[in-house]
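Participant: have a look at this prediction, sequence included:
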Amino acid sequence: MAATKSRNILQKFEKLDRRWIFLFIGLAVTLPIFIDLGMAPAPTPSVTDFYDEIEALPERTLVLCSFDYDPGAKAELNPMALSVLRHLMDKNCRVVAITLWSTAPGLVETIVNQICREEYHRTYGVDFCYLGFKEGREAVMVRM
């Protein structure tokens with residue numbers, strides 16, 4: 001009985017004019033842009049813990065940031081890297097940036113200069129520095 005009922009529903013959807021389906025999808029995508037649905041994302045505990053750790057740092061703390069991602073992950077990870085650097089600059093921390101990925105040096109140098117030098121007008125070698133690419137990944141971390 002249930003199988004017959006589900007087949008009938010599927011047959012009705014198959015006969016439905018696809019313009020109605022496109023209209024429904026269009027409305028489902030555009031309406032949330034214009035109507036506030038009250039579904040703001042809540043930060044996860046790991047995000048709030050990370051934020052709180054940066055907030056707890058004393059002024060002029062030396063912080064090592066390893067930005068390890070490649071151009072394929074730039075759209076996802078660049079905003080995070082930018083916000084972390086801005087937060088550290090707001091706390092007046094000294095930043096040492098490195099990367100352990102061979103495809104990342106250009107990306108990391110760009111964001112470090114954009115935030116530290118251009119936005120916050122910090123001095124290279126005093127307030128921040130970029131050590132570039134370090135070969136060896138796990139071995140580099142162990143040596144540190």
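Facilitator: Great, that's in hand.

Participant: number of nearby residues for C129?
Facilitator: Burial of C129 is recorded as 16 neighbouring residues (other CB atoms under 10 Å). Every C-beta, even on glycine, is put in place using the N, C-alpha and C of the backbone.

Participant: list the contacts of it.
Facilitator: C129 makes contacts with V95, V96, A97, as judged by CB atoms under 8 Å, 6 or more residues apart in numbering.

Participant: return the member of those nearest to L64.
Facilitator: Using CB to CB, V96 comes nearest to L64 of the contacts of C129, at 4.9 Å.

Participant: which residue packs closest to that closest one, ignoring adjacent ones?
Facilitator: Nearest residue to V96 in three dimensions, chain neighbours excluded: L64, at 4.9 Å (CB to CB, 6 or more residues apart in numbering).

Participant: nearest to E59, of the contacts of C129?
Facilitator: Proximity of these to E59, judged by CB to CB, is greatest for V95, which lies at 13.1 Å.

Participant: part of a helix, is that closest one?
Facilitator: No. Counting by DSSP: H, G, I helix; E, B strand; the rest coil, V95 is not part of a helix but strand.

Participant: for the helix or strand L10 falls within, buried residues please.
Facilitator: Using DSSP states H and E, L10 sits within helix 2-15. The neighbour-count check on helix 2-15 (16 or more other CB atoms under 10 Å) flags nothing as buried.
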